[in-house]
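J.: requesting a structural model of the entry that follows:
(2 chains)
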There are 2 protein chains.
Amino acid sequence: MKIVVDGMGGDNAPNSTVEGIVSAIKEFNVDIIVTGDKEILEKNFSKYDFDRSKLEIIHTSEVIMNEDKPVKAIRGKKDSSMVVALNLVKEGKADAIVSAGNTGALLAGGLFVLGRIEGIDRPALCSYMPTKKGMSILLDAGANSDCKPRNLVEFGFMGSIYANKVLDIDNPKVAIVNVGSEEGKGNDLTKKSYEILKGSQINFIGNVEARDIPYGYTDVILCDGFTGNVILKLTEGVAMSIFSMLKETFLSSFKTKIGAALLKNDLVRMKSSLDYAEYGGAPLLGVNGGLIKAHGSSNGKAIKNAIKQAIRFVDGNVLSEIKSKIDIIGADCIE
Amino acid sequence: MKIVVDGMGGDNAPNSTVEGIVSAIKEFNVDIIVTGDKEILEKNFSKYDFDRSKLEIIHTSEVIMNEDKPVKAIRGKKDSSMVVALNLVKEGKADAIVSAGNTGALLAGGLFVLGRIEGIDRPALCSYMPTKKGMSILLDAGANSDCKPRNLVEFGFMGSIYANKVLDIDNPKVAIVNVGSEEGKGNDLTKKSYEILKGSQINFIGNVEARDIPYGYTDVILCDGFTGNVILKLTEGVAMSIFSMLKETFLSSFKTKIGAALLKNDLVRMKSSLDYAEYGGAPLLGVNGGLIKAHGSSNGKAIKNAIKQAIRFVDGNVLSEIKSKIDIIGADCIE
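T.: Okay, the predicted model is just below:
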């Protein structure tokens, strides 16, 4: 197995990508290809002691920046670290790509370079949601702002397969985010998707209200990409604003400072359970290759964990499992 | 001014409604009409010492239950505490209604009994969002699952007027919830609404990402009712799950118990800033009368604060302000 890492993608690249790659080689004994400016990368890798035979550096002369227009960047910057990495997956020289670069460009690159799996209408970004019970996955996390019922059904199948093969969940529970738990609630999209999903072959348990998402009763959470983006960002915003209020409370008096000191280690542990760096990135499901989008502000640990996700994606044969279910999805979607 | 309270509406009614009414009469010296079972209400009010000349009880024989179908309940239960209260507003015998009853029925009652303000396509439920900086309002909070751009423009005008007249905010800042802050981001609805709002007469500041909502940079937050419902319930779910994790952390050892004891008062104060009972209910803007939907699980304090909101709604002339802007909204919405 070979994983290719976009060495220049991300706010902290290449420091973060180099650190993550070295950790991944040491921990998982995986073969890595990295794309990027060879001179800069060599200099960074030279700081670490690891098995260099597991690493191949492919020189690229361009970098896709965060402010670049996605489609234009993918079409125009042919020798960028991202496009070259995507092509390595397309040509079968690598099994999956990890990138913390421009999200829009990576999604566009997934579509244009890797292409969709035949029979899948819309690939979806599949994000991890930390919950009180562990981990749920949510899709679509932002690849498709407007969705049709067919798309939510595809997301349900792909998410089910991913949860089973990568997260080892037996018969994952799948639900639609909705404004009420009863059938018949919601907007046009959720009502029609419910109708199809309840007769499908996945373990569809109905609707989940947003207030129940953090409790983790559901393994796979389905929604359009607009709602998914709102859910992810709001969860982050509410959690961070509460932690910042807590911090202000803790610093407000001598008494609270002592209280906070006694709690510190336990609170740090609690906060880290909500930290994206612990679980890596978000796979783009439905494209013809393994693609893991790491958070733009990934540090070395987040990159290492995204590489781990890529390994599990390949080991779990997620791609061929999705392809083997295309006929079933198609039949379920005939309205 | 007279406010009518649906005496039997809500999970804790009539205890909560009676307690809230008594507090409101004492604190605000307001005239209250209450609808409901006269015998039960009299018995409850007899426990309190207050100025009875400020209270009128109107007997009703039916109650709309939470499990009742909204439209059927409004049309069928003509002598329910909710429908009778709505009719009092319609007939001008009361200036506004407060109800903690069945939300769907109250929204349907707003449309069928009070009717829409002429020129408004869709009334919106306007919810308070506690933030780090104080209070934002969000509309639509769930009255309209599917919206057109015109609706978001109306919500923007009505929310602006409400924030100005009731929350005393000068030139309120209005933004659309979106997946990115730049123009051109989002789904069909947000893109088209942005186009219209940027040329409108309200203080439109562009898009707000969900992660920034809890920080309170925006006074009026616009979205369709599906997204609004997700935002409100998710904010509640994330906050509650963090507080429940905090509690577990606090109880986990002797050391953390001492720490928690030192912090207790400050944490209770912080948690109460997120408590809906502090600010009452959500007005339904765009119907031809004052209507405040109180939370279903309102206690006496929440009912009292919902009555306060109703008083401020009437004092602020919100209704006539909205009517005076109809021509401007209409002109802005010509595409």
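J.: going forward, measure contacts and count neighbours with C-alpha atoms only.
T.: Noted.
J.: need phi/psi at A:Leu88.
T.: Note on A:Leu88: backbone dihedrals following degrees, to the nearest 10 are phi -60, psi -40.
J.: list the contacts for it?
T.: A:4, A:94 (CA atoms under 8 Å, 6 or more residues apart in numbering or on different chains).
J.: quick one: low-confidence residue ranges for the stretch 151-300 of chain A.
T.: A:273-277 (pLDDT under 70).
J.: okay, now whichever residue of the stretch 1-150 of chain A sits closest to chain B: neighbour count?
T.: In the stretch 1-150 of chain A, the residue that lies nearest chain B is A:Ser145 (4.9 Å; CA to the nearest CA). By the criterion of other CA atoms under 10 Å in any protein chain shown, A:Ser145 has 20 neighbours.
J.: that one against A:Gly225, yeah?
T.: Yes: counting by CA atoms under 8 Å, A:Ser145 touches A:Gly225, with 4.7 Å between them.
J.: in stretch A:291-303, what's buried?
T.: A:291-303 (16 or more other CA atoms under 10 Å in any protein chain shown).
J.: for the residue most central in space within chain A, what are its contacts?
T.: Centroid-nearest residue in chain A, with CA atoms, centre = their mean: A:Ala282, separated by 0.4 Å. A:Ala282 makes contacts with A:125-128, A:292-294, as judged by CA under 8 Å, 6+ apart.
J.: what does A:Ile258 give?
T.: Counting by CA under 8 Å, 6+ apart, A:Ile258 has contacts B:259, B:262.
J.: name the element it belongs to?
T.: Element membership of A:Ile258, judged by DSSP states H and E, is helix A:254-272.
J.: rewinding a little: who's in contact with the residue of the stretch 1-150 of chain A closest to chain B?
T.: A:Ser145 touches A:224-227, B:186-187, counting by CA under 8 Å, 6+ apart.
J.: do A:Thr60 as well
T.: With CA under 8 Å, 6+ apart, A:Thr60 has these contacts: A:35-38, A:79-81, A:84.
J.: hmm, back to that, so which of the buried residues of stretch A:291-303 belong to helices?
T.: A:300-303 (DSSP state H).
J.: kindly report the residues of the stretch 1-150 of chain A close to chain B.
T.: By the rule CA under 8 Å from any CA of the partner chain, the part of the stretch 1-150 of chain A lying against chain B is A:132, A:142, A:145-146.
J.: lowest-confidence entry in the residues you listed?
T.: Within the set of those, pLDDT is lowest for A:Lys132 (83).
J.: show me the strands in the stretch 151-300 of chain A, by range?
T.: In the stretch 151-300 of chain A, the segments counted as strands under DSSP state E, counting those that start in this stretch are A:174-178, A:204-209, A:220-222, A:281-285, A:290-294.
J.: hey, which of those strands is tucked in deepest?
T.: Neighbour counts (mean count of other CA atoms under 10 Å in any protein chain shown) averaged over each of the strands of the stretch 151-300 of chain A peak at strand A:220-222, with a mean of 30.
J.: please see if that one touches chain B.
T.: No: against chain B, strand A:220-222 shows no contacts by CA under 8 Å from any CA, the least distance being 13.1 Å.
J.: ok, and what's touching that strand?
T.: A:136-140, A:152, A:155-156, A:159-160, A:163, A:172-177, A:208.
J.: okay, and which of those residues map to helices?
T.: A:152, A:155-156, A:159-160, A:163.
J.: and those, which is closest to chain B?
T.: A:Leu152 (16.1 Å).
J.: can you name the residues that contact the closest one?
T.: A:193, A:222-224.
J.: before we move on, the earlier item: CSV for the strands of the stretch 151-300 of chain A, including distance to B:Glu321?
T.: As requested, the strands of the stretch 151-300 of chain A are arranged in CSV below (distance: least, CA to CA, whole Å):
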stretch, distance to B:Glu321
strand A:174-178, 34
strand A:204-209, 35
strand A:220-222, 41
strand A:281-285, 48
strand A:290-294, 49
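J.: which residue comes closest to A:Thr144 once chain neighbours are left out?
T.: Actually, residue A:144 is Asn rather than Thr. With CA to CA, 6 or more residues apart in numbering or on different chains as the criterion, A:Asn144 has its nearest non-adjacent residue at 4.7 Å, and that residue is A:Gly225.
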